[in-house]
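*Asks:* my questions are about this predicted structure, shown below with the sequence.
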Amino acid sequence: MTYSVDTRAVHAGRADLAELGVHALPLDFSTTYPMHDQVAAGAALGAFADGAATAATPVYQRLYNPTTARFEQALAELEGTEAAVSFASGMAAITAVLQAACLMTERRHVVAVRPLYGGTDHLLSIGLLGLSVTWVEQDEVARAIRPDTGLVVVETPGNPTLNLVDIATVVIQAGDVPVLVDNTFATPVLQNPARLGAAYVVHSGTKYLGGHGDVLGGVVACAEQRAGALRQVRILTGAVLHPLAGYLLHRGLATLPLRVRAAQATAATLAVRLAVHKGISKVHYPGLPGNDPRGLIGRQMRGPGAMIAFETTGDAAAVVAALRLITPAVSLGSVDSLIEHPALLTHRLVDAEGKETGGITPNLLRMSVGLEDPEDLWADLDQALRAAGTRATVAVDAHAATAAVPAEPTVPAEPAAVAVAADPHAAVLAAPVIAVPEPEAFAEAVSATSAQAVNGSAPVPA
């Protein structure tokens, strides 16, 4: 029987609990596992060294842990893959895929589409792993593939501007080269890249999977034949997920669909209001008209998500400083709303060309919408935008500058009602989304359209 994502999120990875006679997830902190049969223990160690998922005994926590294994099983079920391999952080997961797909195969060239998370971008750009990278637009992947290309890397929605990448089109262009999709922003609730042909689906579990800002971890969902190499990398590098982290990530999955849907509904409402605010020059949100030119929401994604990026007319850092409720911090996907300045923080180490290509402007802010009341969040954003605008005006006047400065925004007494009425799409955006079918219902429809886009028989929007 096929269950919905809500049901799978609650029950995935818990099949053995009744047999164990427990209801809550067990937590095993053991670092070593006694076994009197040393020959069998040696055989188990050898199996793990070869990339096996299980063996007769765990032997040692760096090789296997039942708590983290349950989390991996659950995440694989949500992503629709045979296996998942967990790591100590999202960057450890990204690094492991690069090592397995490129270093272990002697194919040391990577094709990547910007924007990516700043850490991923920096890792690829500086050549720390001995890899070379070609940066391309999503419709240029095929032309960039070389005989030594080991991996194509994309992130959709992209960090931080929420650009959407057509996964199926990229997979077709990549041919035999495996495609890595960072699915952190979308989560398995909104998008399942493996069903569209992606070889590796990466999550920074620190974000939505954990969901409470109290656990660090990463995970890669993939086919079993690829998982073995990832486990080998994990064993050799020691980038293992701690059992407590595995427990917290697994526990977080049960409420993941509820959290994503609730935050997404609020994000859609805020995006509409920000789009008409005088303190904002541009809003990046896939649910707004014109921000999904390829029509990927409903075809690839089951909703626009709970992340918003927007560009302020004044000093973006001053806006953040004026916030009273929204937490000024990096990371995302927590129950509380977080906001940060990408050019100064998460994408600080991205080179100038990368910032320009990725649309990372000096006044861009990235907001992770949480579970607070949308009216409270809007009131905080509005007052911060007003306050920042006022300070900018005063500062310029004090120095007798001649340059024109935007006047303090005049927001109607009831901005919510005005914003919704001003935009015909607002009623749809403000309502809870995810009213589209499970991925099985739309995955088949993607291939024909994507193939046409690749071979040029159908126009692809710019």
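*Replies:* Ah, there it is. Residues are numbered from 1 along each chain as shown.
*Asks:* tell me the gap between stretch 308-318 and the middle of its chain.
*Replies:* 22 Å (Cα atoms, centre = their mean, to the nearest Å).
*Asks:* span of stretch 70-88 from start to end?
*Replies:* 16 Å (Cα to Cα, to the nearest Å).
*Asks:* in that stretch, what's buried?
*Replies:* 70-81, 83-88 (16 or more other Cβ atoms under 10 Å). Using the backbone N, CA and C atoms, a C-beta is placed for each residue, glycine as well.
*Asks:* same question, stretch 130-150
*Replies:* Leu131, Val133, Thr134, Trp135, Val136, Gln138, Asp139, Val141, Ala144, Ile145, Thr149, Gly150.
*Asks:* leaving out the residues flanking it, which one is nearest to the residue most central in space within the chain?
*Replies:* Here the mean C-alpha position of the chain is nearest to the C-alpha of Thr184 (Cα atoms, centre = their mean), at a distance of 1.8 Å. Spatial nearest neighbour of Thr184, excluding adjacent residues (Cβ to Cβ, 6 or more residues apart in numbering): Ser204 at 4.7 Å.
*Asks:* roughly how far apart are that neighbour and Ala93?
*Replies:* Distance, Ser204 to Ala93, by Cβ to Cβ, to the nearest Å: 8 Å.
*Asks:* give me the neighbour count for the nearest residue to Gly358 once chain neighbours are set aside.
*Replies:* With sequence-adjacent residues excluded and distances taken as Cβ to Cβ, 6+ apart, Gly358 is closest to Pro115, at 3.3 Å. A count of nearby residues for Pro115, using other Cβ atoms under 10 Å, gives 27.
*Asks:* okay, now the domains of the protein?
*Replies:* 5-256, 258-430 (automatic domain parsing).
*Asks:* okay, these, which one's buried deepest?
*Replies:* Mean neighbour counts were taken over those using mean count of other Cβ atoms under 10 Å, and the top value, a mean of 20, falls to domain 5-256.
*Asks:* and that one, how far out from the chain's middle?
*Replies:* 12 Å.
*Asks:* which helices and strands sit right next to the regular element (helix or strand) spanning Trp135?
*Replies:* Using DSSP states H and E, Trp135 sits within strand 132-136. Under the contact criterion of 3 or more Cβ pairs under 8 Å, 6 or more residues apart in numbering; DSSP states H and E, strand 132-136 touches strand 109-113, helix 141-144.
*Asks:* that strand - what's its average pLDDT?
*Replies:* For strand 132-136, mean pLDDT is 98.
*Asks:* give me the sheet partners of it and which way each runs.
*Replies:* Strand 132-136 has the following strand partners under DSSP bridges: strand 109-113 (parallel).
*Asks:* rank the domains of the chain by mean pLDDT and give me the bottom one.
*Replies:* domain 258-430 (a mean of 83).
*Asks:* that one: how far from the chain's middle?
*Replies:* With Cα atoms, centre = their mean, you get 18 Å for domain 258-430.
*Asks:* just name the closest of the buried residues of stretch 130-150 to Pro328, please.
*Replies:* Trp135 (30.2 Å; Cβ to Cβ).
*Asks:* mind listing the residues bridging to that closest one?
*Replies:* Applying DSSP bridges to Trp135 gives these bridge partners: Ala112.
*Asks:* that one touches Asp351, doesn't it?
*Replies:* No - counting by Cβ atoms under 8 Å, Trp135 sits too far from Asp351 to count as a contact (10.3 Å).
*Asks:* so Ala40 is in which element?
*Replies:* Going by DSSP H and E, Ala40 is part of helix 38-49.
*Asks:* now for the helix or strand following that helix, which elements pack on it?
*Replies:* With elements assigned by DSSP H and E, the helix or strand that comes after helix 38-49 is helix 66-79. When contacts are defined as 3+ Cβ pairs under 8 Å, 6+ apart, helix 66-79 sits against helix 5-11, strand 83-87, helix 187-190, strand 218-222, helix 243-253.
*Asks:* repeat the analysis, applying 10 Å as the threshold.
*Replies:* helix 5-11, strand 83-87, helix 187-190, strand 200-204, strand 218-222, helix 224-237, helix 243-253 (3 or more Cβ pairs under 10 Å, 6 or more residues apart in numbering; DSSP states H and E).
*Asks:* quick one: closest of these to Ala343.
*Replies:* strand 200-204 (20.1 Å).
*Asks:* ok, Arg70 - contacts?
*Replies:* Ala12, Gly13, Arg14, Ala15, Asp16, Leu17, Leu25, Pro26, Asp28, Gly246, Tyr247, His250 (Cβ atoms under 10 Å, 6 or more residues apart in numbering).
*Asks:* farthest pair in these?
*Replies:* Maximum pairwise distance among those (Cβ to Cβ): 18.5 Å, between Ala12 and Asp28.
*Asks:* circling back to that earlier point, and the furthest pair within the buried residues of stretch 130-150?
*Replies:* Greatest spatial distance among the buried residues of stretch 130-150 (Cβ to Cβ): Leu131 and Asp139, at 23.0 Å.
*Asks:* so what sits against both of Trp135 and Asp351?
*Replies:* Asp121, Ser125, Thr357.
*Asks:* from the residues you listed, which is closest to Ala239?
*Replies:* The closest of the shared contacts of Trp135 and Asp351, once distances to Ala239 are taken by Cβ to Cβ, is Asp121, at 19.9 Å.
*Asks:* can I assume the closest one sits in a helix?
*Replies:* Yes - under DSSP: H, G, I helix; E, B strand; the rest coil, Asp121 sits within a helix.
*Asks:* look up how far Thr81 lies from it.
*Replies:* 25 Å.
*Asks:* for Val189, same thing?
*Replies:* The value you get for Val189 to Thr81, if Cβ to Cβ is used, is 15 Å.
*Asks:* likewise Arg261?
*Replies:* Counting by Cβ to Cβ, the gap from Arg261 to Thr81 is 23 Å.
*Asks:* then His36?
*Replies:* 36 Å.
*Asks:* likewise for Gly205?
*Replies:* 15 Å.
*Asks:* these two touch, right, Ser334 and Met367?
*Replies:* No - assessed by Cβ atoms under 10 Å, Ser334 is found out of contact with Met367, at 11.8 Å.
*Asks:* related to what we said a few turns ago, OK, contacts around the residue nearest to the centre of the chain?
*Replies:* Listed by Cβ under 10 Å, 6+ apart, the contact partners of Thr184 are 90, 117, 155, 157, 159, 201-209, 218, 307, 332-333.
*Asks:* next up, phi/psi of the nearest residue to Ala198 once chain neighbours are set aside, please.
*Replies:* Sequence neighbours aside, Val181 is the residue nearest to Ala198 in space, at 4.3 Å (criterion: Cβ to Cβ, 6+ apart). Main-chain torsions, Val181, degrees, to the nearest 10: phi -120, psi 120.
*Asks:* how about Val181, what does it touch?
*Replies:* Val181 touches 152-156, 165, 167, 170-171, 191-194, 196-202, 221, counting by Cβ under 10 Å, 6+ apart.
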